[in-house]
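1. sequence and predicted structure are below.
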Amino acid sequence: MKKHNFNAGPSVLPRIAIENGAKAVLDFEGSGLSILEISHRTKDFERVNDEANSLLRELLNIPDNYKIIFLGGGASTQFYEVPYNLLEKKAGYINTGVWAKKAIKEAKLFGEVEVIASSEDKNFSYIPKGFTIPKDLDYLHITTNNTIFGTEYHTDIDSPVPLVADMSSDILSRKVDVSKYALIYGGAQKNMGPAGVTFVIIREDILGKVSRPLPSMVDYRNHIANNSMFNTPPVFPIFMMKETLKWLKSIGGVEAIHKINEEKAQMLYEEIDRNELFVGTAAKEDRSIMNICFVLKPEYEELAGDFLEFTKSKGMVGVKGHRLVGGFRASCYNALPRESVEALIDCMREYEKIHAK
C-alpha cells in the first residue's frame, strides 16, 4: 500500500534526495567511503557544505551582508542562543503558540522580555495584528508558522527594531524578504532536509553588541568565521539538505513551490469546510498552508479514534494532531505530493458517507 506522509517533522522528503542519500551512505562520490564516515575537513565535504550554503542563498535571495551557518542542536537550542547573542536590556516576543512560549521562557534567562502581543486568549487560533512595536527593544521575535495550532504569517512584517524569526516549519514554502529580518533560524526537518541540522541566517552588524561573555560554542561569530565548521558539523544532514535544496531549485524554486503549496492547502481547506463531519481550528485569514489542523464537529467527537484508524487503513501517516491539542493535522510540506492531499480528501469523503447523520 502506498503511504502518504503527513508527519509534522521529521517529515516527507523528495524521493530523489532520499535515493541520492542512500547512494552516498554506501559510497560517497566514488570515494570508497560512506558519507557517514568521511571527515568534515576534506575538500569533498567542504564542497557539499558550500553548495548547500550557496543554494540556500540563491533560493531565498539572501543579501550579501547576511551569513549562513549550519549547526546542531535544533531550533530549541536557538531559543537561548538568540538572546545570549542579542539580548542586552529588553526583547519583544509575539506569543503565537507552544514554540513561541518556549522561546520566551529561554529569553527571560538573559534579560527583560516583553510579550508585545499574544493569541493565547483564543487558544492560539489566530495571528495577532495591530500591535505597536516599542522602539527600545534589542529585537522582536516571531514564530512565522505555528505547527501545533495551524496558523501562519503570510507576509513579512515591518519592524523598527531588529526582527528575529523562527521559520522552522515554513522556510522555503513562500517568498520571504530576508532584508526585513536581522536573523532567521530553524530546524531543517520540515522543508529542508532530515532532523539533525539547524540553519541560521544572520545580518552580521547585529552581533558583538552584548556585554556578557559568550561561551565559544554559543557565539555565532565563531561559526561564521569557520564556515560552520567550528566543531564537527552534522555531515549527513547537511548532505541531505543540499540534495533537498537541489530538488527545490530543479522544480522552479520558492515561487513555484509556493503556488503548489497554496493549491494543496486550498483543496484540503475546501474539503474541511464542506465536509459535514469536520471543522477547521484556525482563523481563516491566518490558516497555515504547511500545517492544516482540524477536528470533528462536537456531534461526531466520539469518532476521533475510529477516524484515525480509518486513515491508517488508507495509507495515511501522521494525521493525528499534536498531543497537546488533539484532533487532526495534515502537514503539507514542500515535498508532499498533491496526490497525497487528494488521497486524504477521498478518505474524508468516504468516511463522511459512512457516518454523516
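-> Perfect, thanks for sending it. Residues are numbered from 1 along each chain as shown.

2. where along the stretch 1-150 of the chain do the strands fall?
-> Along the stretch 1-150 of the chain, the stretches classed as strands by DSSP state E, counting those that start in this stretch are 4-5, 66-71, 90-95, 112-118, 140-143, 145-146.

3. dump the ones you listed to CSV, plus mean neighbour count.
-> Placement of C-beta: from N, CA and C, glycine included. Output for these, formatted as CSV (neighbours: other Cβ atoms under 10 Å):
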stretch, mean neighbour count
strand 4-5, 20
strand 66-71, 21
strand 90-95, 23
strand 112-118, 17
strand 140-143, 26
strand 145-146, 28
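
4. save these as JSON lines, and put in mean pLDDT and distance to residue 83 too.
-> Listed next are the strands of the stretch 1-150 of the chain as JSON lines, based on pLDDT from 0 to 100; distance: least, Cβ to Cβ, whole Å:
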{"stretch": "strand 4-5", "mean pLDDT": "98", "distance to residue 83": "35"}
{"stretch": "strand 66-71", "mean pLDDT": "98", "distance to residue 83": "16"}
{"stretch": "strand 90-95", "mean pLDDT": "98", "distance to residue 83": "6"}
{"stretch": "strand 112-118", "mean pLDDT": "98", "distance to residue 83": "8"}
{"stretch": "strand 140-143", "mean pLDDT": "98", "distance to residue 83": "9"}
{"stretch": "strand 145-146", "mean pLDDT": "98", "distance to residue 83": "21"}
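
5. could I get the ones you listed in TSV, plus columns for distance to residue 158?
-> Below are the strands of the stretch 1-150 of the chain laid out as TSV (distance: least, Cβ to Cβ, whole Å):
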stretch	distance to residue 158
strand 4-5	36
strand 66-71	18
strand 90-95	14
strand 112-118	14
strand 140-143	11
strand 145-146	19
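
6. closest one to residue 15 among these?
-> For the strands of the stretch 1-150 of the chain, proximity to residue 15 was assessed by Cβ to Cβ; strand 4-5 is nearest, at 11.1 Å.

7. helices or strands next to that closest one in the packing?
-> Counting by 3 or more Cβ pairs under 8 Å, 6 or more residues apart in numbering; DSSP states H and E, the packing neighbours recorded for strand 4-5 are strand 316-317, helix 338-355.

8. which residues are contacting that strand?
-> By Cβ atoms under 8 Å, 6 or more residues apart in numbering, the surrounding residues in contact with strand 4-5 are 11, 12, 315, 316, 317, 318, 336, 339, 340, 343, 344.

9. from residue 160, how far out is the last one?
-> To tie it back to what came earlier, the one meant is residue 344. According to Cβ to Cβ, to the nearest Å, residue 344 and residue 160 sit 42 Å apart.

10. pick out whichever of these two has more residues nearby.
-> A count of neighbours by other Cβ atoms under 10 Å puts residue 344 above the other of residue 344 and residue 160, at 25 against 12.

11. show me the contacts for that one.
-> In this structure, residue 344 makes contact with 4, 6, 268, 311, 316, 319, 330, judged by Cβ under 8 Å, 6+ apart.
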